[in-house]
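Chemist: quick check, what structure comes out for this input:
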Amino acid sequence: MITSIEQWVILLQKSDSLVGLPLCAVGLALALGGWRLWKVSVVGTFALIGGVLGVLLADKPGDQGLYAIAGAALLGVGSFPPANYSIAVLGGLISAGITHMTLSPLSIGGWPLWIAVGLAFAVCTALSYVYLRQVIVIVTSFEGAVLVVSGMVALVSEVPQLFKFFRGISADYWFFVPFLLLVPTVVGCMLQLADVRQRDSGMASR
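Modeler: A predicted model of the protein is given here:
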């Protein structure tokens, strides 16, 4: 069960390093042109969330696969018809997750933490619906950044010393991973917004 960034890094280390190539490829596609693929991205993301929830809800380890498939199908299909609402909710969920990841290392826990997470979700979901196009760019850029960084971690796992350094600095400095995700997210947003402006001005094909 993946419940933390550290466990995700360990899973990537144990996986075949070649897994990093498709992760990087899909991540770059989302980071550079996610606004053109956003509906597919939304369905895939909610399917992933449904799969994780299915595993969490499974009573027995042997039922996890069935629950994961059912959860992925349910949320994936359910997210497609109201795509505008789904991307807004996704923006709220990502903001809530970032809020939790940022506040937890600061020894903020209990109900203050969950109030902050709930407020982040509510406010960012509303803002995401209002500023839909900008949120599509931000969300797809962030997802692309996650996949690219994950792919790089998988590739780096073939170099033990480099992987050990990465894992050590991630454990010692809680802000390292958020910063590592922030840089490609910002770059992806800038490139996508430039592409959007070109499309709107008629310089790029629709």
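
Chemist: against I49, how distant is K39?
Modeler: 16 Å (C-beta to C-beta, to the nearest Å). (C-beta placed from N, C-alpha, C; glycine too.)

Chemist: scratch that, S41 is what I was asking about
Modeler: Counting by C-beta to C-beta, the gap from S41 to I49 is 13 Å.

Chemist: run through this structure and note the low-pLDDT ranges.
Modeler: Applying pLDDT under 70 to the chain picks out residues 1-11, 13, 170-174, 202-206.

Chemist: so which residue is dead centre in the chain?
Modeler: In the chain, the C-alpha nearest the mean C-alpha coordinate belongs to E143, at 4.1 Å (C-alpha atoms, centre = their mean).

Chemist: for Y131, grab phi and psi.
Modeler: phi -110, psi 60 (degrees, to the nearest 10).

Chemist: and E158, by the same measure?
Modeler: phi -80, psi -10.

Chemist: and the nearest residue to it once chain neighbours are set aside, how far from S128?
Modeler: Nearest non-adjacent residue to E158, counting by C-beta to C-beta, 6 or more residues apart in numbering: S17, 4.6 Å away. To S128, S17 is 36 Å away according to C-beta to C-beta.

Chemist: still on that earlier bit, list the buried ones in the helix or strand hosting the residue nearest to the centre of the chain?
Modeler: According to DSSP states H and E, E143 maps onto helix 132-156. By 16 or more other C-beta atoms under 10 Å, the buried positions in helix 132-156 come out as 132, 134-156.

Chemist: for this protein, what spans make up the helices?
Modeler: 5-14, 20-33, 38-57, 64-78, 83-103, 110-130, 132-156, 160-172, 176-200 (DSSP state H).

Chemist: winner for burial among these?
Modeler: helix 132-156 (a mean of 22; mean count of other C-beta atoms under 10 Å).

Chemist: give me the angle between it and helix 83-103.
Modeler: 50 degrees (axes from the mean of the first three to the mean of the last three C-alpha atoms, to 10 degrees).

Chemist: angle of helix 132-156 against helix 176-200?
Modeler: Using the same axes, to 10 degrees: helix 132-156 against helix 176-200 is 130 degrees.

Chemist: elements contacting helix 132-156?
Modeler: The contact analysis (3 or more C-beta pairs under 8 Å, 6 or more residues apart in numbering; DSSP states H and E) places helix 132-156 against helix 5-14, helix 20-33, helix 38-57, helix 83-103, helix 160-172, helix 176-200.

Chemist: among these, which is nearest W111?
Modeler: helix 83-103 (12.4 Å; C-beta to C-beta).

Chemist: residue contacts, the nearest residue to I138 once chain neighbours are set aside?
Modeler: Excluding its sequence neighbours, the residue lying closest to I138 (C-beta to C-beta, 6+ apart) is C189, at 5.9 Å. C189 sits next to 137-138, 141 when contact means C-beta atoms under 8 Å, 6 or more residues apart in numbering.
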